[in-house]
Structure formats: C-alpha cells, structure tokens
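> coordinates only, sequence not included:
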C-alpha cells in the first residue's frame with residue numbers, strides 16, 4: 001500500500017527548495033505563490049505540472065482560487081522580519097505585514113496544518129515576544145495549536161550550520177500529536193565532503209588538499225538583499241568563517257577552479273556549489289543570471305530540512 005499523499009499551498013515559495021523537500025515528505029502543492037519572476041520560472045522549469053502564481057501574497061485572494069481551500073498544509077519560508085525596535089523603513093514594515101498576511105490566510109484557507117519558517121530570533125528572542133503572542137492568539141481563535149522550534153540543517157544531512165526558526169500549528173480537529181524531528185545519527189557532512197569532487201571538475205590539482213582542510217560544515221549561506229549589492233557570502237564575520245574553510249567569500253565564481261588555478265589558491269563558490277551547500281540536488285535548475293540565481297539559492301530552505309519537518313507533520317496528519 002502506497003503512503004498517503006497530502007495537499008499543500010505554499011507562499012513565498014522562492015526557488016521551490018522547500019516545496020521539493022515537502023514533496024519528498026508526501027505533500028503535493030495545489031499552488032505556489034511568489035513575487036519574484038526568476039524564482040517562479042525556476043519552479044516552472046523543474047516542475048512544469050505545479051501551478052505557480054507570480055504575485056505578492058498580500059494581494060492573493062483565495063476566493064478566486066477555490067482549489068486552495070481545505071488543503072492539508074499551508075506553508076512558506078517568509079522573509080526575515082526585524083524586531084519592532086529595529087524597524088526603520090517601509091520595506092521592514094512590509095515584511096511584518098507579510099507575516100500577518102500568512103496568518104490571516106490560514107483563517108481563510110483552513111488547512112489541517114501550518115508550517116512557517118523564519119529567523120531563529122522570532123522563536124527565541126524576547127524582542128519578538130509580542131509577535132509570538134499575537135500569532136498564538138490568532139491561532140487559538142482559529143482553532144490551531146502552535147509549536148515553536150529552532151532546528152539546525154546540519155543535523156539533517158545538510159553540510160551547513162543553518163539555524164531556522166519554525167512554527168508548526170495543527171488544527172484542533174487533528175488528533176495526532178506533533179513531535180519535532182530528531183537530529184540524524186553520525187557526523188555532520190563537511191564542506192570538503194560535499195564539494196571536493198566538484199572542485200576537481202576542471203582538473204585543479206589542489207582540490208584534494210583543499211577538501212581535506214574544509215573539514216566541517218559551512219556557516220549559514222547568506223542570500224543577500226534584493227535591494228542592493230551583488231552576490232557574495234555575507235558580512236565580514238561570515239566571510240571570515242568561509243575563509244577558515246578555504247573559500248573566498250567576496251564574490252561568487254562563474255565556474256569551477258581551472259586546471260591552472262594556484263595549487264594553494266582560495267577558490268570561490270559558484271552557484272551550483274552554493275546550491276549543494278543548501279542540499280539542493282544537482283538536477284534542480286536555478287533560472288537567471290548569477291546574482292538572481294545565487295539569491296534564490298541563498299534564501300532557500302534546505303530541502304532535507306523541509307523533508308524532516310514535513311514527515312513529522314505527515315505523521316501527525318495520519319500519513
């Protein structure tokens with residue numbers, strides 16, 4: 001007997017990495033929504049049968065799309081919000097409005113479960129207590145039980161120490177208990193293990209030595225802001241952490257190191273390698289030029305982490 005399949009509606013779907021992970025956990029999206037054209041095209045190229053709407057979720061009205069009602073799961077990886085004390089610009093306020101829109105969409109769509117991913121600070125820090133409080137009040141009023149947790153992607157087979165904050169909520173009508181996924185057994189995957197073969201793609205003789213010293217998981221990959229700048233591996237502290245692994249974080253490469261790259265050189269990651277650090281499979285095509293493609297990768301939820309949480313939700317739903 002085949003495992004039960006579930007339906008989902010995904011907002012802020014980005015390049016589809018979270019949807020890919022949830023697909024492995026048994027969830028088939030009836031619709032995915034994102035307002036970035038490159039990200040929407042990435043999903044279409046990889047899953048042409050999935051219905052993708054390229055619009056701001058704040059403008060989305062489920063009345064016009066009845067297939068989204070009563071899905072099993074409403075899910076999304078939301079833009080990182082700032083604490084109210086740190087909000088300075090209209091753009092910062094719009095990210096909090098998006099969080100509110102996601103919770104209000106829940107009350108309209110009435111799924112069996114909710115999965116939202118954001119910064120660990122939203123789960124852990126006192127300055128976000130008011131946000132957690134109003135979310136829990138809205139959920140309780142709508143008949144949902146919230147569960148908050150921070151998980152590290154490195155504990156679930158991803159070669160990256162990436163901590164994500166999660167909110168899972170189950171409808172009161174769902175009788176199953178929700179249990180967060182446990183970390184996997186064994187050692188975390190290192191950057192050298194994940195990227196060693198790719199560094200040797202064009203015959204760079206230093207690839208093996210490089211892989212041996214890149215002997216731990218990566219720091220969190222940073223996608224950068226859509227408002228300014230080109231692709232790199234984040235602020236100064238992040239670049240230092242990458243440098244300790246033998247990676248030049250000041251930019252993103254166009255290709256793998258060449259055969260004549262210095263034996264003791266410090267290579268940059270290309271977009272494909274960044275995707276590997278996120279646990280995105282090699283056959284998942286990222287649409288767009290380098291900057292647009294890298295930002296899609298950097299903002300993604302690692303699919304193996306989405307699978308782990310998705311399987312826990314599926315178990316609660318009776319899968």
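Received, thanks. No experiment lies behind these values; they were computed from the predicted model shown. Residues are numbered from 1 along each chain as shown.
> low pLDDT regions in this protein?
1, 83-92, 224-230, 319 (pLDDT under 70).
> so what's the gap between the helix or strand residue 145 falls within and the chain middle?
Using DSSP states H and E, residue 145 sits in strand 144-152. Offset of strand 144-152 from its chain centre (Cα atoms, centre = their mean, to the nearest Å): 16 Å.
> and it, what other elements does it pack with?
In terms of contacts (3 or more Cβ pairs under 8 Å, 6 or more residues apart in numbering; DSSP states H and E), strand 144-152 is packed against helix 120-124, helix 129-142, strand 163-171, helix 303-316. C-beta: built from backbone N, CA, C; applies to glycine.
> winner for burial among these?
helix 303-316 (a mean of 24; mean count of other Cβ atoms under 10 Å).
> from the rest of the structure, what touches it?
The contact list for helix 303-316 (Cβ atoms under 8 Å, 6 or more residues apart in numbering) reads 4, 6, 17-22, 24-27, 73, 113, 115, 151, 153, 156-158, 162, 164, 166, 168, 170, 174, 176-181, 278-281.
> what subset of those is buried?
6, 17-22, 25-27, 73, 113, 115, 151, 153, 156-158, 162, 164, 166, 168, 170, 174, 178, 181, 278-280 (16 or more other Cβ atoms under 10 Å).
> from the residues you listed, which land in strands?
6, 27, 73, 113, 115, 151, 164, 166, 168, 170 (DSSP state E).
> could I get those residues as TSV with distance to residue 313?
Listed next are those as TSV, based on distance: Cβ to Cβ, whole Å:
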residue	distance to residue 313
6	8
27	8
73	6
113	5
115	6
151	13
164	15
166	10
168	6
170	8
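> which of the helices and strands packed on strand 144-152 sits closest to residue 211?
Taking Cβ to Cβ, helix 303-316 is the member of these nearest to residue 211, at 20.9 Å.
> tell me the buried residues in stretch 179-189?
So stretch 179-189, judged by 16+ other Cβ under 10 Å, has buried residues 181, 188-189.
> let me have those in TSV, extended by distance to residue 119.
Output for the buried residues of stretch 179-189, formatted as TSV (distance: Cβ to Cβ, whole Å):
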residue	distance to residue 119
181	19
188	22
189	23
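> now, which of those residues sits nearest residue 196?
residue 189 (11.3 Å).
> touching stretch 148-163 from outside, list them.
Here stretch 148-163 makes contact (Cβ under 8 Å, 6+ apart) with 120, 123-124, 132, 164-168, 180-181, 183-184, 188-191, 193-195, 217-221, 276-279, 302, 304-305, 307-309.
> show me how far it is from its chain's centre.
Distance, centroid of stretch 148-163 to centroid of chain: 11 Å (Cα atoms, centre = their mean).
> end-to-end on that stretch?
End-to-end distance for stretch 148-163: 13 Å, by Cα to Cα, to the nearest Å.
> repeat that for stretch 210-223.
24 Å.
> how distant is that stretch from the center of its chain?
18 Å.
> in that stretch, what counts as buried?
210-211, 214, 216-223.
> using JSON lines, lay out those residues together with secondary structure.
Output for those, formatted as JSON lines (DSSP: H, G, I helix; E, B strand; the rest coil):
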{"residue": "210", "secondary structure": "helix"}
{"residue": "211", "secondary structure": "helix"}
{"residue": "214", "secondary structure": "coil"}
{"residue": "216", "secondary structure": "coil"}
{"residue": "217", "secondary structure": "coil"}
{"residue": "218", "secondary structure": "strand"}
{"residue": "219", "secondary structure": "coil"}
{"residue": "220", "secondary structure": "coil"}
{"residue": "221", "secondary structure": "coil"}
{"residue": "222", "secondary structure": "coil"}
{"residue": "223", "secondary structure": "coil"}
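> redo those as TSV? Include distance to residue 48.
What follows is the buried residues of stretch 210-223, written out as TSV (distance: Cβ to Cβ, whole Å):
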residue	distance to residue 48
210	38
211	36
214	36
216	38
217	34
218	32
219	35
220	31
221	27
222	30
223	25
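> list just the nearest of the residues you listed to residue 68.
Proximity of those to residue 68 was ranked by Cβ to Cβ; the top entry is residue 223 with 27.0 Å.
> wait, what's in contact with that closest one?
Taking Cβ under 8 Å, 6+ apart, one finds 294-300 in contact with residue 223.
> ok, the residues you listed vs residue 54, which is closest?
Nearest member of these to residue 54, counting by Cβ to Cβ, is residue 296, at 13.5 Å.
> secondary structure element holding the closest residue to the closest one other than its chain neighbours?
Nearest residue to residue 296, sequence neighbours excluded (Cβ to Cβ, 6 or more residues apart in numbering): residue 15, at 3.9 Å. Under the criterion DSSP H and E, no helix or strand holds residue 15.
> any idea how far residue 15 is from residue 259?
31 Å (Cβ to Cβ, to the nearest Å).
> of those two, who's got more company?
residue 15 (32 against 10; other Cβ atoms under 10 Å).
> quick one: the more buried one and residue 299, what's the gap?
Distance from residue 15 to residue 299, by Cβ to Cβ: 8 Å.
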